[in-house]
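*Asks:* Predicted model and sequence below, questions to follow.
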Amino acid sequence: MAWKTLDDMELDGKVVLCRVDINVPVKDGQVTDDTRIQRIVPTVRDIVAAGGKPVLLAHFGRPKGERVPDMSLEIVRPALEAALGLPVSFAEDCIGAPAKQAVSALEQGQVLLLENTRYHAEETKNEPMFAASLAALGDVYCNDAFSAAHRAHGSTEGIARLLPSCAGRLMQAELSALEAALGAPDRPVVAVVGGAKVSTKLDLLGNLVAKVNHLVIGGGMANTFLAAQGVDVGTSLAEHEMADTAREILAKAAEAGCEIVLPRDIVVAREFAANAANETVAVDACPSDAMILDAGPETVAYIKGVIENARTLIMNGPLGVFEMEPFQTGTFAMLDVVAAQTGAGALTSVAGGGDTVAAINASGHGDDFTYISTAGGAFLEWMEGKTLPGVAALAG
């Protein structure tokens, strides 16, 4: 898909409406994690360096078309100013007179933050008049919010149809990384998919088996696949009603020549608790009163071999209950291999999703992947092979 970047746009003297995702956690009036703010810094600085005036469009929380004081974007302005190292002014609305006046007053080298776009119900409905009101404020549209690109909203899709449009640096990095992982990847390709439920990732699994060489399935999802093959998984989290679907995915993978990698040995415990008494047994030897909480060493050794022979890896989900000792062992051991191969230049590694990023950070490998996506739903939908409205709009 062809889309323009900031380098393709004439920005000097132009007002650049830049859609960003700064929907950050806040406690007691303070931003507690500014990761998303830090990720937009290159885009905003590049716009300023090119002579443009950045005007930031963003949502915050889910006010559902109401003006909810606790969801005002003004609360993130100090953190934004600190990260950018530039003065940031604030407008009390994203359209109308307050926005127009603030844009008119904006000087070179300054940034303007507009109020929460979702204060207007027309935003999520992608109503043309609302998109036109946003577009009237600027000369160029830049989308740097990949994490909101799966939403066809006024500030993500509608406005892109009305102004010369491009991807910001973060959007550009996300799209380039995902293209490298699934679009035209170096092979062999391995995907690691974990999580609790097969039912929430049916589209993902169906898309991946046709695109990757190896699909490693972990977490509660693996239990569902094991149960579908007649393996007793004891009291483990599993969707037994999804057995037919799991078998269909296994058959589709076999037809496509994709190896599905399931646990060969398992770590089991009688209680779901940190440091619970546990044992490692063969995959077909789970006690009827025990639950599977991690992949065993034989499984991890096999996965390690798969990764060491791969050229590309995409990850969405852990192998086990990584939040609890000692059931993070399998996930962390796998991440050690991914980090080592990536560091050696032998592997392109891309990861995304909340639990995935948490596991990577907990393992100490937050800087060791080729790319870690800040997006949740958009990352998942891209992996599912779906068209993202906010990306498609950039391609005209």
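*Replies:* Now that the structure is in, tell me what you want to look at. Everything numeric here is computed off the predicted structure, so don't read it as measured data. Numbers count the residues shown, from 1 in each chain.
*Asks:* CA atoms only: put stretch 372-388 into CSV for me.
*Replies:* Extracted C-alpha coordinates of stretch 372-388, given in CSV (Å, rounded to 0.1, in the frame of the first residue of the first chain):
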residue,chain,number,x,y,z
ILE,A,372,7.4,-3.2,19.5
SER,A,373,4.1,-1.8,18.5
THR,A,374,2.3,0.6,20.9
ALA,A,375,-1.0,-0.4,19.3
GLY,A,376,-3.5,-3.0,20.6
GLY,A,377,-6.6,-3.5,18.5
ALA,A,378,-5.0,-2.0,15.4
PHE,A,379,-2.0,-4.4,15.7
LEU,A,380,-4.3,-7.4,16.1
GLU,A,381,-6.5,-6.4,13.1
TRP,A,382,-3.4,-5.9,10.9
MET,A,383,-2.3,-9.4,11.9
GLU,A,384,-5.7,-10.6,11.0
GLY,A,385,-5.3,-9.3,7.5
LYS,A,386,-8.0,-6.6,7.8
THR,A,387,-7.9,-3.3,6.1
LEU,A,388,-7.4,-0.4,8.6
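*Asks:* Report the mean per-residue pLDDT for that stretch.
*Replies:* Across stretch 372-388, pLDDT averages out at 86.
*Asks:* Please apply the same query to stretch 15-29.
*Replies:* On average, the pLDDT along stretch 15-29 is 95.
*Asks:* start to end distance for that stretch?
*Replies:* End-to-end distance of stretch 15-29: 30 Å, with CA to CA, to the nearest Å as the criterion.
*Asks:* Would you pull up how far that stretch lies from the middle of the chain?
*Replies:* 16 Å (CA atoms, centre = their mean, to the nearest Å).
*Asks:* Name the spans of the stretch 1-150 of the chain whose pLDDT lies under the cut-off.
*Replies:* Filtered on pLDDT under 70, the stretch 1-150 of the chain yields the residue ranges 1.
*Asks:* Show me where it has its strands.
*Replies:* For the stretch 1-150 of the chain, the strands defined by DSSP state E, counting those that start in this stretch occupy 15-19, 26-27, 30-31, 53-57, 88-91, 111-114, 140-143.
*Asks:* If you count contacts, what does the first one end up packed against?
*Replies:* In this case it means strand 15-19. Strand 15-19 is packed against helix 35-49, strand 53-57, strand 140-143, with contacts defined by 3 or more CB pairs under 8 Å, 6 or more residues apart in numbering; DSSP states H and E. (Glycine included, C-beta is placed from N, CA and C.)
*Asks:* so which of the strands of the stretch 1-150 of the chain gets nearest Met71?
*Replies:* Among these, the nearest to Met71 by CB to CB is strand 26-27 (9.8 Å).
*Asks:* Strand partners (parallel or antiparallel) of that closest one?
*Replies:* Here strand 26-27 is paired, per DSSP bridges, with strand 30-31 (antiparallel).
*Asks:* Tell me the gap between the strand it pairs with and the middle of its chain.
*Replies:* 22 Å.
*Asks:* related to what we said a few turns ago, next, format the helices and strands packed on strand 15-19 as CSV and append mean neighbour count and distance to Pro164.
*Replies:* Formatted as CSV, those follow (neighbours: other CB atoms under 10 Å; distance: least, CB to CB, whole Å):
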stretch, mean neighbour count, distance to Pro164
helix 35-49, 20, 14
strand 53-57, 27, 15
strand 140-143, 27, 5
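*Asks:* quick one: Val24 and Leu86, what's the gap?
*Replies:* Counting by CB to CB, to the nearest Å, the gap from Val24 to Leu86 is 18 Å.
*Asks:* Settle it for me: which of the two has more neighbours?
*Replies:* Per other CB atoms under 10 Å, whichever of Val24 and Leu86 has more neighbours is Val24, with 19 against 16.
*Asks:* my read: that one touches Arg39, true?
*Replies:* No. Counting by CB atoms under 8 Å, Val24 stays clear of Arg39, with 10.6 Å between them.
*Asks:* Kindly export the helix or strand containing Ala251 (C-alpha atoms) in CSV.
*Replies:* Secondary structure assigned from DSSP states H and E places Ala251 in helix 243-256. Taking C-alpha atoms only, helix 243-256 is exported to CSV below (Å, rounded to 0.1, in the frame of the first residue of the first chain):
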residue,chain,number,x,y,z
ALA,A,243,-12.8,-28.1,19.7
ASP,A,244,-14.2,-28.3,16.2
THR,A,245,-12.8,-24.9,15.3
ALA,A,246,-9.4,-25.8,16.7
ARG,A,247,-9.4,-28.9,14.5
GLU,A,248,-10.4,-26.9,11.5
ILE,A,249,-7.4,-24.5,12.1
LEU,A,250,-5.1,-27.5,12.5
ALA,A,251,-6.3,-29.0,9.2
LYS,A,252,-6.0,-25.6,7.4
ALA,A,253,-2.4,-25.3,8.7
ALA,A,254,-1.5,-28.8,7.5
GLU,A,255,-2.9,-27.9,4.0
ALA,A,256,-0.9,-24.6,3.9
